[in-house]
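Student: I need the structure of the sequence given here:
(one chain, ligands or ions: 1)
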Amino acid sequence: MGYIKEKFKVKADELNAEVKDLLKNHGTTKIEDVTLAQVYQGMRGITGLVTETSLLDANEGIRFRGYSIPELREALPKAPGGAEPLPEGLFYLMLIGELPGEADVQYISSLLGRRSHVPNHVFDAIEALPISTHPMTMFTVGIMALQTESVFAKAYAEGTNKKDYWSYVYEDTLNLIARLPRIAAYIYRRKYKNGDHIQPNGMLDWAGNFAHMLGYSDEGFRELMRLYMVIHADHEGGNVSAHTTHLVGSALSDPYLAFAAGMNGLAGPLHGLANQEVIKWILQMREELGGGMPTKEEIAAYVRKTLSEGKVVPGYGHAVLRKTDPRFTAQMEFAKSHLPNDELVRIVWMVYETVPPILQELGKVKNPWPNVDAHSGALLVHYGLVEYEFYTVLFGVSRALGVLASLCWDRALGLSLERPKSVTTEWMKLFVNGKVEASAE
Ligand code: CMX
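Tutor: Okay, the predicted model is just below:
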């Protein structure tokens, strides 16, 4: 057992004892009442999950084990000569609950490098799909093909003790995180670069090597990938990709099955696919306006046109956040120091000044401010990664860090099969008229 795995086991045993104590002494404590509207409207605001890796504050944004994004950009180890945090360090933090040292991060980097081999049948499965297939479909097919390698599935089939589930899930987690950049880069090079694939560089960190395999050697792009992989990694447990991974994992589906399910959720336009939708929307706007820099008035008119067509403004709004997403701000800061004069970036900033008051006018949008997806595309285009249908795959590689660290915790804490109660509208009508009672069943 590696020392990080041993450390995780110690932490898990400690937390297990605390959870047992909480359940024994406070198991019947009510957390909150649930309204009928919440049940119909996406369970918004209902506390129904435990996720150890991060916690979202509506006004402040995400905190990973207590650390905000600006704090992480300071505190996490960096690549030699780099300024952005290494995602390996965030993974350690989410898994162990403590900031890593340089040696911990190097250990994870080399561990991931050693485990990154992807068997040929995974590439064959991707090759079997038409080239026109969306990259997110190729990605989930690749993950599903890789499921043949699940050590959890094998151990379960052989009949393992439930106390050891966490150990196999931990192995699958590291193997999957190690292999995802290879699969994602394969998809990119197959679809957009005539199948001219690039072999991994074992000397680079996880995100740096991913940038290299995608075909980008610019140090600025590597730094962007490190930041990108950190800020997209986790957003507490209720978002579609995290919740789905947790839900499917709760049936003891192995991490490959659970993560692929989560990625199908990330591929929805109200969630991760919004990153491609944003840049598509901006490029279309620029084209319709005749190219070049639009004025604020032109942007405002385009926003109103989008709304009048019954569409959402992509990259704006959030189910929980009520302020500008700090993940947007982190990207804005990156742009200010690396590419302040980029035309597309300046349009993103103009959109930021224009959209919120218009959404506020509608009177129904709870959060008119930008989310993480409002900025990412313009940065990628700057470095040449213009194929925006690929953007959600980048999000997915990053999201693996958070949802798989959480899955390790799910099994270490022995969390139950998820199975909330559902009712019919007929039942709701009877309930509001006092003819039936809510049951715990
Ligand atoms: N443009 C137009 N209308 C919007 C809007 C936007 N950006 N954001 C919210 N609204 C509308 C909703 O569609 C809803 O309208 P109806 O009542 O007519 O159905 C109303 O405002 C209230 O919605 P809400 O409570 O403010 O937001 P929700 O929690 O229901 O939805 C989200 C949140 C993100 C799906 C929504 O803001 C949205 O569709 N945004 C655009 C898509 C996007 O950027 N998604 C990415 C989110 C981040 C991520 O997961 O990656």
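Student: which residue does the chain bring closest to the ligand?
Tutor: Residue of the chain nearest the ligand, by Cβ to the nearest ligand atom: residue 317 (2.1 Å). The way it works is simple: take the backbone N, C-alpha and C, and place the C-beta from them, glycine included.
Student: what's the burial count for residue 307?
Tutor: Residue 307: 16 surrounding residues under other Cβ atoms under 10 Å.
Student: State the number of residues packed around the residue nearest to the residue of the chain closest to the ligand when sequence neighbours are not counted.
Tutor: Closest residue to residue 317 apart from its sequence neighbours, by Cβ to Cβ, 6 or more residues apart in numbering: residue 367 at 5.2 Å. When neighbours are counted by other Cβ under 10 Å, residue 367 registers 20.
Student: re earlier: neighbours of the residue of the chain closest to the ligand, how many?
Tutor: Applying other Cβ under 10 Å, we find 20 residues neighbouring residue 317.
Student: give the contact list for it.
Tutor: Contact analysis of residue 317 by Cβ atoms under 8 Å, 6 or more residues apart in numbering lists 359, 365, 366, 367, 368, 369, 371.
Student: ok, which stretches of the stretch 201-350 of the chain are helices?
Tutor: Remark: helices assigned in the stretch 201-350 of the chain by DSSP state H, counting those that start in this stretch are 206-214, 219-231, 240-250, 255-266, 274-288, 296-308, 326-338, 343-362.
Student: what does the stretch 1-150 of the chain give?
Tutor: For the stretch 1-150 of the chain, the helices defined by DSSP H, counting those that start in this stretch cover 3-26, 36-40, 69-75, 87-96, 102-114, 120-127, 135-146.
Student: out of these, nearest to residue 186?
Tutor: When those are compared by Cβ to Cβ, helix 120-127 sits nearest residue 186, at 5.9 Å.
Student: tell me the angle the closest one makes with helix 135-146.
Tutor: 150 degrees (axes from the mean of the first three to the mean of the last three Cα atoms, to 10 degrees).
Student: so what does helix 120-127 touch, helix or strand wise?
Tutor: helix 135-146, helix 165-192 (3 or more Cβ pairs under 8 Å, 6 or more residues apart in numbering; DSSP states H and E).
Student: I'd like those helices laid out as JSON lines, including mean neighbour count.
Tutor: Shown next, in JSON lines, are the helices and strands packed on helix 120-127 (neighbours: other Cβ atoms under 10 Å):
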{"stretch": "helix 135-146", "mean neighbour count": "22"}
{"stretch": "helix 165-192", "mean neighbour count": "22"}
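Student: who's in contact with residue 69?
Tutor: Applying Cβ under 8 Å, 6+ apart, we find residue 69 in contact with 61, 62, 230, 231, 326, 327, 329, 330.
Student: By neighbour count, which of those wins?
Tutor: Counting neighbours by other Cβ under 10 Å, residue 231 leads those with 31 neighbours.
Student: Residue 372 is in contact with that one, correct?
Tutor: Yes. Using Cβ atoms under 8 Å, residue 231 is in contact with residue 372, at 6.5 Å.
Student: Report the set of residues contacting both of these two.
Tutor: Both residue 231 and residue 372 are in contact with 327, 331, where contact means Cβ under 8 Å, 6+ apart.
Student: and the helix or strand in which residue 408 is found, how far from the chain's centre?
Tutor: Element membership for residue 408, per DSSP states H and E: helix 391-412. Mean-position distance between helix 391-412 and its chain equals 7 Å (Cα atoms, centre = their mean, to the nearest Å).
Student: neighbouring contacts of whichever helix or strand comes after it?
Tutor: Downstream of helix 391-412, the first helix or strand assigned by DSSP H and E is helix 425-432. Helix 425-432 has contacts (Cβ under 8 Å, 6+ apart) with 36, 39, 423, 436, 437, 438.
Student: Now the buried members of these.
Tutor: residue 39 (16 or more other Cβ atoms under 10 Å).
Student: and the two most separated of the contacts of helix 425-432?
Tutor: Across the contacts of helix 425-432 (Cβ to Cβ), the longest gap, 15.4 Å, separates 39 and 437.
Student: Get me the contact residues on the stretch 151-300 of the chain for the ligand.
Tutor: 239, 270, 271, 272, 274 (Cβ under 6 Å from any ligand atom).
Student: from those residues, which is closest to residue 66?
Tutor: residue 239 (19.3 Å).
Student: Next, work out how far apart the closest residue to that closest one other than its chain neighbours and residue 423 are.
Tutor: The shortest distance from residue 239 to any non-neighbouring residue, by Cβ to Cβ, 6+ apart, is to residue 271 (6.8 Å). Distance, residue 271 to residue 423, using Cβ to Cβ, to the nearest Å: 26 Å.
Student: Then residue 60?
Tutor: 35 Å.
Student: Likewise for residue 263?
Tutor: 30 Å.
Student: cool, and residue 11?
Tutor: In terms of Cβ to Cβ, residue 11 sits 39 Å off from residue 423.
Student: How about residue 324?
Tutor: The value you get for residue 324 to residue 423, if Cβ to Cβ is used, is 37 Å.
Student: what about stretch 401-414, near the ligand?
Tutor: No. On the criterion Cβ under 6 Å from any ligand atom, stretch 401-414 is out of touch with the ligand, staying 12.8 Å away.
Student: Could I get the buried residue list for that stretch?
Tutor: By 16+ other Cβ under 10 Å, the buried positions in stretch 401-414 come out as 401-413.
Student: what's the farthest-apart pair in those residues?
Tutor: Across the buried residues of stretch 401-414, no pair lies farther apart than 401 and 413, at 18.9 Å, counting by Cβ to Cβ.
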